[in-house]
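# got a sequence here, can you model it:
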Amino acid sequence: MFERADADFGSTLKRFREARRVSQSKLAERAGFDHSYVSRLESGARTPTRDAVVQLAQALDLTEVNQDELLASAGFLPREVSSLLSSEPEITEVLSLLRNDDVPEAYRDSMRQVLRLLAEQARHVLRDGGTSQGDVVAA
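This next block holds a predicted model:
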């Protein structure tokens, strides 16, 4: 599980709830919770379980991407980890290609090798406290 950020979860839940123009009481009713539960979640006074987050997301009829955002904001891994990378389209594309059986396995293995090398280089840069421009692999 990720490190929890209850205030972040509360504000994320509130944002989704208000965008759908649903009261706290109505959301609690739809999700099968006590009427005050949503208020305590939004204020950070209560910490939700993963199941509670899923119930709330379903009660709000959230898209899969928004459900994953709500799960992540509560400190849980989303159903689809790649949704955490929505601000990194290149990584999302690479993940998609790695899962695509139409891409030959030998090519996917080569992509994995390149990714391992890039990760190793980044670890060296971090360990050494920086690098000169000449040490960075050009794209």
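# so which bits of the host helix or strand of A52 are buried?
Using DSSP states H and E, A52 falls within helix 50-59. Neighbour counts over helix 50-59 (16 or more other Cβ atoms under 10 Å) mark A52, V53, V54, Q55, L56, A57, A59 as buried. (Glycine included, C-beta is placed from N, CA and C.)
# go on, stretch 32-49?
Quick answer for stretch 32-49 (16+ other Cβ under 10 Å): F33, Y37, V38, S39, R40, L41, E42, R46, P48.
# who's in contact with the first one?
Listed by Cβ atoms under 8 Å, 6 or more residues apart in numbering, the contact set of F33 reads A52, Q55.
# on the three-state scheme, it is what?
coil (DSSP: H, G, I helix; E, B strand; the rest coil).
# if we can go back for a sec, alpha carbons of the helix holding A52, in PDB - could you do that?
Taking Å, rounded to 0.1, in the frame of the first residue of the first chain, the C-alpha atoms of helix 50-59 are listed here in PDB:
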ATOM      1  CA  ARG A  50     -10.100  -0.300  -0.200                       C
ATOM      2  CA  ASP A  51     -13.600  -1.800  -0.400                       C
ATOM      3  CA  ALA A  52     -15.100   1.500   0.900                       C
ATOM      4  CA  VAL A  53     -13.200   3.500  -1.800                       C
ATOM      5  CA  VAL A  54     -14.500   1.100  -4.500                       C
ATOM      6  CA  GLN A  55     -18.100   1.400  -3.200                       C
ATOM      7  CA  LEU A  56     -17.900   5.200  -3.200                       C
ATOM      8  CA  ALA A  57     -16.400   5.200  -6.700                       C
ATOM      9  CA  GLN A  58     -19.200   3.000  -8.000                       C
ATOM     10  CA  ALA A  59     -21.800   5.100  -6.200                       C
END
